[in-house]
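Enquirer: Below are the sequence and a predicted model; questions follow.
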Amino acid sequence: MTLAVAGCSFDGPMSTLSGRSDYSRSILHVYSIITWSAVVIALIVFGAELYILLGRRARRTAGGLPPQTRGHTLLEISWTIAPALVLLIIAVPTIQVIFRTQAVSRPRDALEIVVRGYQWWWEYRYPSLGVITANEVHLPAGRQVVFVLEGPDVIHSFWIPLLGGKRDVVPGRVNHILLTADTPGEYWGQCAEFCGASHANMGMRVWVHAPAEFDAWVAAQRAPAVEPTGAAAEGKTIFAASACVGCHTIRGVSAGVLGPDLTHFGSRTTVAAGMWPNTPENVAAWVKNPIALKPGVKMPNLGLTDDQARAIAAYLTALK
Ligand code: CUA
């Protein structure tokens, strides 16, 4: 049954059973050491058990208890040393992987991405590229990336099963993840440390691109926000005149820092940290009454009318 259940998600979007980066492959290597050690130990234990159950049955004394052993120094020492050895065999490669991916000495040509976990969304900054985005992080395939995990908020945990992690995002300290993603595609991630009411709604999408595609994405993100037309232009006016500007940045329009940067919101595939597809309908419902859709969310209900919500949604989704 275990094999069947594992098979169901062997290559799913959040599988831990296949690796798409050097880091996740290292983790799988540690898993395989543990799994095969467990198999060997299980075979030894089951073999010994079978031997005792079947082979030694004849030697039971007639009617009474089998011969009793009280204190056996050799046995005591053996079953203390054996588990210690097993732990050592697991610990050495585990610690090696942790240190190697911790980026204590950061490679000079690694792409730095500063990750900040907030209740309940992710911010990504690319200091060397001048890009700021949220919830969906883009990586170049084949290039080393160092995630700098900063905790301005409660403890979160950064986890992209197919690429590696988990590693905590802790207030007051900086953690690192060093990895090289190798296969272009879409990956899913999830906050893996309980961080409040919407912990389960703190997802992320990860896009790994071929280098040229990645450069195109960077260029698009660095471009100024598009100037909207039609209903979207009306949405911009409403956005600029409402409390939205206190929390969100749209370059050239507002400079809030409490919520995600929305300059290129329309280029993202999901809304509210991976909760729904980024469609005008979903965005309108979201800005109209966030609290009803995401428990505990800090974005308040601004009392927008349906028309206002639709106009803002048209504006935001046009910000490609
Ligand atoms: Cu953030 Cu759980």
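Expert: Noted; the coordinates are in hand. Computed from a predicted structure; not experimentally measured. Numbering: from 1, shown residues only.

Enquirer: okay, CA-based contacts and neighbour counts for the rest of this
Expert: Noted.

Enquirer: Need the distance between the two termini of stretch 266-285.
Expert: End-to-end distance for stretch 266-285, by CA to CA, to the nearest Å: 16 Å.

Enquirer: what comes up buried for that stretch?
Expert: 266-268, 270-275, 278-280, 282-285 (16 or more other CA atoms under 10 Å).

Enquirer: do the same with stretch 254-268
Expert: Buried positions in stretch 254-268, judged by neighbour count with 16+ other CA under 10 Å: 254, 256, 259, 260, 261, 262, 263, 264, 265, 266, 267, 268.

Enquirer: Return the residues of the stretch 201-320 of the chain in contact with the ligand.
Expert: Counting by CA under 6 Å from any ligand atom, the residues of the stretch 201-320 of the chain close to the ligand are residue 202.

Enquirer: just the strands in the stretch 201-320 of the chain please.
Expert: For the stretch 201-320 of the chain, applying DSSP state E, counting those that start in this stretch gives strands covering 203-209, 249-250, 254-255, 270-271, 276-277.

Enquirer: got it, and the stretch 51-200 of the chain?
Expert: With DSSP E, counting those that start in this stretch as the criterion, the stretch 51-200 of the chain has strands spanning 111-118, 121-126, 131-134, 136-140, 144-150, 156-160, 164-169, 174-180, 185-190.

Enquirer: Next, the residues that contact stretch 32-39 from outside, please.
Expert: 86, 90 (CA atoms under 8 Å, 6 or more residues apart in numbering).

Enquirer: shaky segments in the protein?
Expert: 6-9, 56-63, 104 (pLDDT under 70).

Enquirer: now with 80?
Expert: 2-12, 55-68, 103-106 (pLDDT under 80).

Enquirer: Give me the phi and psi angles of the residue nearest to residue 289 when sequence neighbours are not counted.
Expert: Take residue 289 and drop its neighbours on the chain: the residue closest to it by CA to CA, 6 or more residues apart in numbering is residue 301, 5.2 Å away. Main-chain dihedrals, residue 301, degrees, to the nearest 10: phi -80, psi 110.

Enquirer: so what's residue 301 up against?
Expert: 287, 288, 289, 290, 291.

Enquirer: Using a markdown table, please lay out those together with neighbour count.
Expert: Shown next, in a markdown table, are those (neighbours: other CA atoms under 10 Å):
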| residue | neighbour count |
| --- | --- |
| 287 | 23 |
| 288 | 24 |
| 289 | 17 |
| 290 | 20 |
| 291 | 15 |
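
Enquirer: okay, these in JSON lines with distance to residue 48 next?
Expert: Formatted as JSON lines, the contacts of residue 301 follow (distance: CA to CA, whole Å):
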{"residue": "287", "distance to residue 48": "65"}
{"residue": "288", "distance to residue 48": "66"}
{"residue": "289", "distance to residue 48": "64"}
{"residue": "290", "distance to residue 48": "61"}
{"residue": "291", "distance to residue 48": "59"}
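
Enquirer: beta partners for the spatially most central residue of the chain?
Expert: Central residue check for the chain by CA atoms, centre = their mean: the C-alpha nearest the mean position is that of residue 159, 2.3 Å away. Judged by DSSP bridges, the bridge partners of residue 159 are residue 165.

Enquirer: doesn't residue 189 make contact with it?
Expert: Yes. The criterion here is CA atoms under 8 Å, and residue 159 meets it with residue 189 at 5.5 Å.

Enquirer: Between those two, which contacts overlap?
Expert: Residues touching both residue 159 and residue 189 (CA under 8 Å, 6+ apart): none.

Enquirer: before we move on, back to that, any idea which of the strands of the stretch 51-200 of the chain gets closest to residue 65?
Expert: With CA to CA as the criterion, residue 65 lies closest to strand 164-169 of these, at 51.9 Å.

Enquirer: other SSEs contacting the closest one?
Expert: Packing partners of strand 164-169 (3 or more CA pairs under 8 Å, 6 or more residues apart in numbering; DSSP states H and E): helix 22-50, strand 144-150, strand 156-160, strand 174-180.

Enquirer: what's the angle from it to strand 156-160?
Expert: For strand 164-169 against strand 156-160, the angle by axes from the mean of the first three to the mean of the last three CA atoms, to 10 degrees is 160 degrees.

Enquirer: Run the chain-centre distance for strand 164-169.
Expert: 7 Å (CA atoms, centre = their mean, to the nearest Å).

Enquirer: Stretch 128-140 now?
Expert: With CA atoms, centre = their mean, you get 15 Å for stretch 128-140.

Enquirer: Likewise for stretch 74-81?
Expert: Counting by CA atoms, centre = their mean, stretch 74-81 is centred 41 Å from the centre of its parent chain.

Enquirer: Could you export it as CSV, CA atoms only?
Expert: In CSV, the C-alpha atoms belonging to stretch 74-81 read as follows (Å, rounded to 0.1, in the frame of the first residue of the first chain):
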residue,chain,number,x,y,z
LEU,A,74,28.0,-7.9,25.5
LEU,A,75,24.4,-7.5,24.5
GLU,A,76,23.9,-4.3,26.4
ILE,A,77,27.0,-2.8,24.7
SER,A,78,26.0,-4.1,21.2
TRP,A,79,22.5,-2.6,21.3
THR,A,80,23.9,0.7,22.5
ILE,A,81,26.6,0.9,19.8
